[in-house]
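Q: Everything below, folded, please.
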Amino acid sequence: MNINNFSDHTNKTIFDRGYDYYMEGNIVEVNKHEDNLFTFVVQGSEKYEVVVKIDEAGKILYTNCECPYDFGPICKHQVAAFLELRDMLLHEVQCQTMIKVRSTQPEITEVLLNLSKEELISIIVDITQKDRVLEKKLLVRYSEIDGSNEIEKCKKWIDSIVRKYKGREGFISLGNAFSFANEMEKVLLNVRRTRDLFVSLELAFLVLEEAIEAFQYADDSNGDIGMIVNETLELIGETASIANNEKDIHIKHRVFNRLLEKSDSRIFDGWQDFQIELLNMCVQFTVSEVLRHTLIQKIEYLINQNSKNEYGRYGTERMLLILFTMISKYGTSEEAEEFLHVNWKYNAIREIAIDRYMEEKNYQKVIGVALEGEKLDSKYPGLVSKWKRLRYAAYKELSLKEEQEKLAKELLLEGYFEYYKELKGLVTNDENEFYANLKQELKKHKGWQIKSIFLKIIVEENDVDELMDFVTENPSSVEEYAGLLVVKYREKVIEVYKTHIRHVANQATNRKQYKEVGKKIKRYKKIAGKQYQEEIINELCELYVRRPAFIDELGKLK
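A: Numbers count the residues shown, from 1 in each chain. Predicted coordinates for the structure are as follows:
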């Protein structure tokens, strides 16, 4: 992928979003390092650093972005950075050319200063007709939308998009969802173009409402509409941040109240995650005690409503975290402690409490909260294990060896191999006896998890005798461990390997699987030698003489 053609390798929606970021000046910092390594800071809802390394021909050797995007290899922040880098490289070439001709040509500034307004407009129009990128960049940066009728225009625009893609069926198919989302994305451009914060906010709300509504009448299996929702929330967050940075207190209050009012919309029925995003945006305004009290009242009301819904626990947790953020920042230490104590039946709050107590080195409280968590979450093994691990950390800090040993063994049997080393480090008597006893105990248990732990332990201890027994009982593992076993148990390993190959060959039914058998035979040759390889090939040729494709693949090995 080259800096000049990376768009050919980029999802169109992602490219368009990155393109808007680039043109709107969202790249706030650029640094060039040695060996053609560049770093860019891109402003979105947060600032993310993009790293790009290229060679002399413009080939992208390495790139990475700090953002959490994981739907593809390139995110919108990287697209913006690539476009900026392409501009930089082009500028360097142009500068080198200008240096060569500067002695014979007047400065461009001098020429332009002598032109009339009409002549300058004519030149710019001529250039933008040949460079659509520049045209769009100029329009976005310097045109200002009239807020008086823009909201109504956008309503009509959105309605026309919906009608176009819904059609007579009243439903948007998976094949049309991307195009629908792409056109809705264009509406979002108006949010960035307007310099009126309140118009910007209303335009974003229009898109958000329709995008959430679209989940009901569109097949969004590929997540295109979901990306529009997230993009719109991001833009609302940016608008709220701009408002919060304004000196005028009335602007802050107005935007805060509009966000809070919109969070009551019916569109969030069944989509509480998006509602909570709006509430979270309100936190930045809560330096004002009045606004803070208003937000707390609102969240407490929603938490009370959630208590009537058996599926509302996750939403309640997220809103409690918002409350705790404000208490931590504006309340007393005693208020924060009381809040944690009252609400640590919720996992997220309990985890914060444990982290807090660990920092304070109050390990007895860590143990108490963790034990309560194990009791409350007894139906969820994964959560129970998490609280046990935190309890173990507290035991370790307090040097409670007996409790450590008991809990380390529990965690080991639950599949956490790292506790084997912990357990081994706690042994005070004969280590060989400890190892022998532990092996016998593990052999009594059944299940793949214990089997996996047992295998890791005997490999860790380089116990080839036990490992040979394991491989004999589980021939499919021979490929992985043959190298460890072949020195002491060459003949046994060869026999188990043959058993494994025979079994796989018997299961193979197509060309792809026959090729896999061939690969196994090649690996077998490295362990057993050419003579044994020929023997197994001849054996399989006789057994499967009626499978010409298999015989063909086996023939390639001779």
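Q: residue ranges of the strands in this protein, please?
A: Using DSSP state E, the strands of the chain run over residues 27-32, 37-43, 47-54, 60-65.
Q: Out of those strands, the one nearest residue 236 is which?
A: strand 37-43 (15.3 Å; CB to CB). All C-beta atoms are positioned from the backbone trio N, CA, C, and that covers glycine.
Q: The closest one relative to strand 47-54, how many degrees between them?
A: 150 degrees (axes from the mean of the first three to the mean of the last three CA atoms, to 10 degrees).
Q: What sits closest to residue 10 if chain neighbours are left out?
A: residue 74 (5.1 Å; CB to CB, 6 or more residues apart in numbering).
Q: How is this structure partitioned into domains?
A: The chain breaks down by automatic domain parsing into domains covering 6-105, 462-555.
Q: so can I have JSON lines of those showing mean pLDDT and mean neighbour count?
A: Listed next are the domains of the chain as JSON lines, based on pLDDT from 0 to 100; neighbours: other CB atoms under 10 Å:
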{"stretch": "domain 6-105", "mean pLDDT": "80", "mean neighbour count": "16"}
{"stretch": "domain 462-555", "mean pLDDT": "94", "mean neighbour count": "16"}
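Q: hmm, back to that, the residue nearest to residue 10 is in contact with residue 14, isn't it?
A: Yes - proximity of residue 74 to residue 14 meets the contact threshold set by CB atoms under 8 Å, at 6.4 Å.
Q: what residues are up against residue 501?
A: By CB atoms under 8 Å, 6 or more residues apart in numbering, the contact set of residue 501 is 517, 520-521, 524, 536, 540.
Q: correction: residue 255
A: Residue 255 makes contacts with 197-198, 201, 239-240, 243-244, 285, as judged by CB under 8 Å, 6+ apart.
Q: I'd like to know which of the residues you listed are part of helices.
A: Among the contacts of residue 255, the members found in helices (DSSP state H) are 197-198, 201, 239-240, 243-244.
Q: Between those, which sits nearest residue 79?
A: Out of the ones in helices among the contacts of residue 255, the member with the shortest distance to residue 79 (by CB to CB) is residue 239, at 22.0 Å.
Q: Output the domains of the chain in JSON lines, with distance to residue 274 appended to each entry.
A: Below are the domains of the chain laid out as JSON lines (distance: least, CB to CB, whole Å):
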{"stretch": "domain 6-105", "distance to residue 274": "14"}
{"stretch": "domain 462-555", "distance to residue 274": "45"}
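Q: Residue 331 is nearest to which of those domains?
A: Comparing these by CB to CB, domain 6-105 comes nearest, at 25.5 Å.
Q: how much distance is there from that closest one to the middle of the chain?
A: 22 Å (CA atoms, centre = their mean, to the nearest Å).
Q: go on, stretch 211-222?
A: The chain centre lies 22 Å from the centre of stretch 211-222; the measure is CA atoms, centre = their mean.
Q: contacting residues around the residue nearest to residue 10?
A: Counted by CB under 8 Å, 6+ apart, residue 74 has contacts 6, 9-11, 14, 63.
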